[in-house]
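Asker: Pasting a predicted model and its sequence here:
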Amino acid sequence: MAKVITFGLQKGGVSKSTTTGIVAYLLSGGMQKINKNDTSESREFYNKSYKVLALDMDSQGNLTELLTRQPANNFLNNSIFEAIAYKEPEKFIHSINDNLDILPANNFLASFAKWIYTGNMPHTEHGEVFVDYEGIGINQLNIMLENIKDNYDFIIIDTPPALSEQTTNALIASNYVVVLYEASKFCYSAIPNFMETIEHVRHFNGIKILGVLRTLNDIRRKDTHFFNELIERDYPDLIFDTLITRKASTGRLPLNGFKNNNELNDALSQFKEFYKEFIMRLKEDGNNDE
């Protein structure tokens, strides 16, 4: 059964979608491609491909556009919203490659909360919507995923920059959460609220924090060092050792994609050590199948 992992923080601009897309790609076999000439001991972490499903729970559809190379609204009536509403996810899964699928999102996912509480779903071509009120609104994604968990090794979820019904549904459906952190005052202020939300969810499903990943760091700035020291002091056991810096090739990844991208190795080079830490923490928790 798939391990379900949410990437989140109720704050925009912390590289949630890009990081989620990169991790989904690497798990699905991308690490073998960018690491094919590595003969070091670390290669043991990179030589296995997993079957991965990416879930876009953000109505902006950034993860959808990153992985599919299509505008998010191309998936009107064929998105994660319909998959959750009709509890027939197989009909709405979009294949990226042999090992990677996505349930895409578009602007209409912004009506997710309205659907939960009223049963009204806008702009649908698939007929009457039935709302399964088991668990009220917080369990809708989890109910849907029960139909397909056995088909994947990992289900990786991108979330919106808000403590919303989408975020809560993602956390309720997850075994783990990776918290994204960009070294700034507003992001630092957002962390305690997100940690409190995770703690509330833990009472429902036992979700675990896999770690806090520091992203988009400009190491030339003194305030970056200051806020990184603060988060390390507050959560010393959760911080990943890997520190992701701002890099032009990584920033261009949404433009250039993962296929036929001449600078892909450079764009993903920082994530190799994070990937190793990510897999190691799963192994240490006793839930990795390797």
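Answerer: Perfect, thanks for sending it.

Asker: switch to C-alpha atoms for all contacts and neighbour counts from now on
Answerer: Fine.

Asker: Give the other helices and strands that the helix with the most length in the chain contacts.
Answerer: Longest helix of the chain, by residue count under DSSP state H: helix 185-205. Under the contact criterion of 3 or more CA pairs under 8 Å, 6 or more residues apart in numbering; DSSP states H and E, helix 185-205 touches helix 165-172, strand 176-182, helix 222-234.

Asker: who does the strand or helix carrying I244 pair up with?
Answerer: Secondary structure assigned from DSSP states H and E places I244 in strand 239-245. Strand pairing for strand 239-245, determined by DSSP bridges: strand 208-217 (parallel).

Asker: where do the strands sit along this protein?
Answerer: For the chain, applying DSSP state E gives strands covering 3-8, 52-56, 94-95, 100-103, 154-158, 176-182, 208-217, 239-245.

Asker: how about those, which one is nearest I143?
Answerer: Nearest to I143, of all these, is strand 3-8, at 13.2 Å by CA to CA.

Asker: now that closest one: mean pLDDT?
Answerer: In this model, strand 3-8 has an average pLDDT of 97.

Asker: Please enumerate residues in contact with it?
Answerer: Identification of contacts with strand 3-8 by CA atoms under 8 Å, 6 or more residues apart in numbering yields 16, 20, 153-161, 167, 170-171, 173-180.

Asker: now do stretch 249-265
Answerer: Residues outside stretch 249-265 that contact it (CA under 8 Å, 6+ apart) are 18, 34, 65-67, 69, 266-268.

Asker: please redo it, this time with the cut-off set to 7 Å
Answerer: 34, 66, 266-268 (CA atoms under 7 Å, 6 or more residues apart in numbering).

Asker: Please enumerate the helices of the stretch 1-150 of the chain.
Answerer: 16-25, 31-34, 62-68, 80-86, 112-118, 140-145 (DSSP state H, counting those that start in this stretch).

Asker: Just the pLDDT for E290.
Answerer: You'll see E290 listed with a pLDDT of 46.

Asker: swap that for F81, sorry
Answerer: 94.

Asker: One more: the one 5 residues further on?
Answerer: You'll see Y86 listed with a pLDDT of 87.

Asker: how close does it sit to K11?
Answerer: Applying CA to CA, to the nearest Å, the value for Y86 to K11 is 30 Å.

Asker: Count residues in the vicinity of D218, would you?
Answerer: 16 (other CA atoms under 10 Å).

Asker: Same question for the one 5 residues further on.
Answerer: Using other CA under 10 Å, D223 has 14 neighbouring residues.

Asker: how deep is L53 tucked in, by neighbour count?
Answerer: Neighbours around L53, by other CA under 10 Å: 29.

Asker: Can you name the residues bridging to it?
Answerer: D101, I155.
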